[in-house]
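Peer 1: Sequence first, then the predicted structure:
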Amino acid sequence: MGYYCSQDSQKNMNTSNHLLHLITSMTKQEKRYFKLYAAFYNKDNACLQLFEIIDKEKPQTEPTLHKAVQDKPFRHQVAVLKNQLSELLLDSLAAYHAAKQSSFQIRRLLTHAEVLKNRGLYEHSKKLIDRAEKKARDTHHSEFLLEIAFRKRNILMRQLAHTSETHIEQLYQQIESDLSMTMHTNQCLKLMDTMQVLAARYAAIPLPGDQEKLHAIAEHSLLLDGSPADSIEAQLARANTLGTYCILTGQIEQAREHYRRAAQLWKSLPDMISERPSLYKRYLLNYLNCLLDGTDEQEFTAVINDLKNLPVSLSEPENTTRVTIWNIEILYHLNHGDMEKAALVIGEMERDIAHYAKQFSRVALTTLYYNCTVFYFLAGNYRRTLDRLNLLLNERIVDLKHDLWEFTHVLSIITHYELNNTDILDNMIRSTKRVLKQRETQGALKHIVLKAIRSLLSSITAQSSQAIFRTLYTDLATLLHNTTEPEPPGLPELLFWTKSKLLRISISDVFTSTMRMAPNQSYRDMFPLTIEVPRQHKKR
């Protein structure tokens with residue numbers, strides 16, 4: 001369901017909210033710089049007072065803002081002051097980043113060159129334009145090149161000499177070369193963007209013909225190995241396009257190679273990383289996804305360290321990267337059956353998360369709590385499993401996808417069974433059935449597990465319990481081997497648990513030995529339809 005707001009509320013959002021969002025997005029250093037900037041360039045401190053009020057009170061609407069300034073002498077000039085404050089904020093941000101980001105430096109050089117040209121100081125102006133061009137080429141800001149060529153032409157036509165014909169020829173040859181590079185780059189970017197849109201749709205609700213479209217893009221002549229990639233942007237777009245296609249089609253080794261090359265290209269351009277950390281981060285995360293099932297832990301650790309050392313993006317707080325790294329590290333160590341290293345990551349997370357939890361998105365927290373829950377369950381620590389389950393099931397804290405929400409309810413019943421909370425299980429099963437029925441879930445997983453737990457509650461002998469677990473294993477394995485339906489979340493975890501019951505050993509030992517023996521095996525190979533269970537000798 002979409003969110004609707006009236007025209008009046010939209011007007012409020014377009015005034016106070018936009019200014020509030022701008023101020024909220026600023027870092028402490030930027031705010032400190034603005035106060036110095038405003039004090040120097042704006043002698044009337046009304047703008048600075050309005051900034052302090054918005055920064056502290058965070059008014060969401062016009063009436064709230066007017067109430068916050070009702071005792072100020074400028075209360076009748078708020079509309080004008082907001083425009084002045086907005087311009088002053090943007091000017092200060094531009095000045096703050098002018099010394100740090102090459103795009104701002106290039107724009108500053110071109111602005112200064114224009115001032116000099118208008119005063120007739122053509123030689124001095126040309127020097128600044130040349131510096132801007134060198135900066136643009138060195139930092140791969142090709143978007144400035146055509147503007148720079150236009151400015152060079154203006155200077156050239158104002159300094160006509162007997163060599164001007166040669167210079168004009170050279171200038172237009174360079175323009176044609178830059179145009180050709182720009183056209184090639186734009187075509188590569190178009191292929192990448194189209195691939196991203198199709199991939200997102202294909203992963204969710206594919207439409208007829210999407211698969212053919214994806215294949216056609218991957219076979220495009222611009223993406224072939226022998227195709228020249230004139231710019232850095234084109235080379236990165238090519239790697240990302242082919243890497244995405246390989247992931248979608250299950251060619252993980254090839255995808256890994258594409259993203260490995262992209263990461264190497266990024267690392268050769270440290271200035272580009274410092275200016276576009278969010279884009280670099282996306283490449284690294286795609287690279288990591290291709291390494292989750294790999295066996296080269298040294299390569300995985302190196303990419304994790306690259307992520308940890310990544311400059312913080314203005315649009316993405318540092319904590320967003322932190323929680324992403326935790327999730328990926330937990331998954332990697334679980335995929336390789338290394339419970340000790342997974343425990344170290346979770347220990348670090350639990351030490352730090354209390355300081356940052358409010359800054360994480362609900363989706364990030366959901367994923368993190370879910371992965372921690374799975375870890376504690378596979379480690380056989382059912383008390384901690386229950387703690388994490390309670391966080392997941394409290395929808396006031398996190399949002400769960402429909403299928404994950406169903407699995408956590410089933411896992412909660414199993415956890416209470418392991419904790420011998422048998423007095424509440426019968427009521428829990430009835431309650432869970434009722435809630436799942438209200439949500440109209442159709443999955444077979446919940447029915448299989450709830451039926452088995454109910455049978456276990458009435459079982460009075462070890463032999464009957466073993467028979468129940470054998471039936472449960474067969475039902476779960478059959479569900480796993482059913483290729484006509486998607487695999488329900490949590491199914492492998494439940495199979496590890498059932499197998500541990502049949503073998504009468506801890507779930508941690510079953511999980512660790514299975515994952516370490518065959519780290520690249522599919523779950524279908526790990527869990528055949530039938531399982532050999534050693535006979536238990538009767539005690540004399």
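Peer 2: Looks like it came in fine. Source: prediction; values computed, not measured.
Peer 1: Quick one: the helices in the stretch 201-350 of the chain, in order.
Peer 2: 210-218, 232-248, 252-267, 270-275, 277-291, 297-308, 318-335, 339-356 (DSSP state H, counting those that start in this stretch).
Peer 1: which residues are contacting the third one?
Peer 2: Counting by Cβ atoms under 8 Å, 6 or more residues apart in numbering, the neighbours of helix 252-267 from elsewhere in the structure are 232, 235-236, 239-240, 242-244, 246-247, 272-273, 280, 283-284, 286-287, 290-291, 293-294, 303, 306. For the C-beta atoms, the positions are set from N, CA and C on the backbone; glycine is no exception.
Peer 1: From the residues you listed, list just the buried residues.
Peer 2: 232, 235-236, 239-240, 242-244, 246-247, 272-273, 280, 283-284, 286-287, 290-291, 294, 303, 306 (16 or more other Cβ atoms under 10 Å).
Peer 1: which other helices and strands contact the helix or strand harbouring residue 430?
Peer 2: Assigned by DSSP states H and E, residue 430 falls within helix 422-438. In this structure, helix 422-438 packs against helix 402-418, helix 444-458, with contacts taken as 3 or more Cβ pairs under 8 Å, 6 or more residues apart in numbering; DSSP states H and E.
Peer 1: can you list the residues that contact the first one?
Peer 2: Residues lying outside helix 402-418 but in contact with it, judged by Cβ under 8 Å, 6+ apart, are 366, 370, 373, 377, 382, 385-386, 389, 392-393, 400, 424-425, 428-429, 432, 435-436, 439, 441, 443, 445-446, 449-450, 453, 456, 488-490, 493-494, 497.
Peer 1: Just the angle for that helix relative to helix 444-458, thanks.
Peer 2: For helix 402-418 against helix 444-458, the angle by axes from the mean of the first three to the mean of the last three Cα atoms, to 10 degrees is 10 degrees.
Peer 1: residues of helix 402-418 that come out buried?
Peer 2: 404-418.
Peer 1: again with the last one
Peer 2: For helix 444-458, the buried set under the neighbour-count rule, 16+ other Cβ under 10 Å, comprises 445, 446, 448, 449, 450, 452, 453, 454, 455, 456.
Peer 1: For residue 476, give its distance to residue 134.
Peer 2: Separation of residue 476 from residue 134 (Cβ to Cβ, to the nearest Å): 64 Å.
Peer 1: Which one of these two is surrounded by more residues?
Peer 2: A side-by-side neighbour count of residue 476 and residue 134, using other Cβ atoms under 10 Å, places residue 476 first with 24 against 13.
Peer 1: Please, which helix or strand holds that one?
Peer 2: Per DSSP H and E: helix 462-481 holds residue 476.
Peer 1: Please name every helix or strand in contact with that helix.
Peer 2: helix 444-458, helix 491-503, helix 523-526.
Peer 1: Contacts for the first one next, please.
Peer 2: Contacts of helix 444-458 with the rest of the structure, by Cβ under 8 Å, 6+ apart, involve 406-407, 409-410, 413-414, 417, 422, 425-426, 429, 432-433, 436, 465, 468-469, 471-472, 475-476, 479, 488, 490-491, 494.
Peer 1: now the shortest one
Peer 2: Counting by Cβ under 8 Å, 6+ apart, the neighbours of helix 523-526 from elsewhere in the structure are 480, 481, 487, 491, 492, 495, 514, 518.
Peer 1: I'd like to know which of the residues you listed are buried.
Peer 2: 480, 491, 492, 495, 514.
Peer 1: tally of neighbours for the residue nearest to the third one when sequence neighbours are not counted?
Peer 2: If the residues on either side of it in the chain are set aside, residue 492 comes closest to residue 523, at 4.8 Å by Cβ to Cβ, 6 or more residues apart in numbering. In terms of burial, residue 523 registers 15 neighbours under the definition other Cβ under 10 Å.
Peer 1: Next: the one 4 residues further on.
Peer 2: The burial metric for residue 527, expressed as a neighbour count using other Cβ under 10 Å, is 21.
Peer 1: before we move on, back to that, what subset of the contacts of helix 402-418 is buried?
Peer 2: 366, 370, 373, 377, 382, 385-386, 389, 392, 400, 425, 428-429, 432, 436, 441, 443, 445-446, 449-450, 453, 456, 488-490, 493-494, 497.
Peer 1: Pass me the low-pLDDT residue ranges in the protein, would you?
Peer 2: For the chain, the stretches with pLDDT under 70 are 1-16, 42-44, 225-229, 312-320, 354-361, 395-403, 435-443, 518-520, 534-540.
Peer 1: now with 50?
Peer 2: 1-15, 396-398, 441, 537-540 (pLDDT under 50).
Peer 1: Just give the closest residue to residue 68, not the sequence neighbours.
Peer 2: Residue 68 sits nearest to residue 57 (Cβ to Cβ, 6+ apart), 4.7 Å away.
Peer 1: roughly how far apart are that neighbour and residue 28?
Peer 2: Plainly put, residue 57 is 18 Å away from residue 28 if you go by Cβ to Cβ.
Peer 1: which one of the two has more residues nearby?
Peer 2: The neighbour count for residue 57 versus residue 28, taken as other Cβ under 10 Å, is higher for residue 57 (14 against 7).
Peer 1: returning to what we had before: other residues contacting the helix holding residue 476?
Peer 2: Against helix 462-481 from outside (Cβ under 8 Å, 6+ apart): 444-445, 448-449, 452, 455-456, 459, 485, 487-488, 491-492, 494-495, 498-499, 501-502, 523-524, 527-531, 533.
Peer 1: Could you do stretch 298-311 as well?
Peer 2: Against stretch 298-311 from outside (Cβ under 8 Å, 6+ apart): 263, 267, 273-274, 277, 280-281, 284-285, 287-288, 291, 294, 321, 324-325, 328-329, 332.
Peer 1: ok, and for it, which residues are buried?
Peer 2: So for stretch 298-311, counting by 16+ other Cβ under 10 Å, buried means 300, 303, 304, 306, 307, 310.
Peer 1: In contact with residue 24: list those residues for me.
Peer 2: residue 58.
Peer 1: mind running it again at 7 Å?
Peer 2: Counting by Cβ atoms under 7 Å, 6 or more residues apart in numbering, residue 24 makes contact with nothing.
Peer 1: what's the distance between it and residue 463?
Peer 2: From residue 24 over to residue 463 (counting by Cβ to Cβ), the distance is 64 Å.
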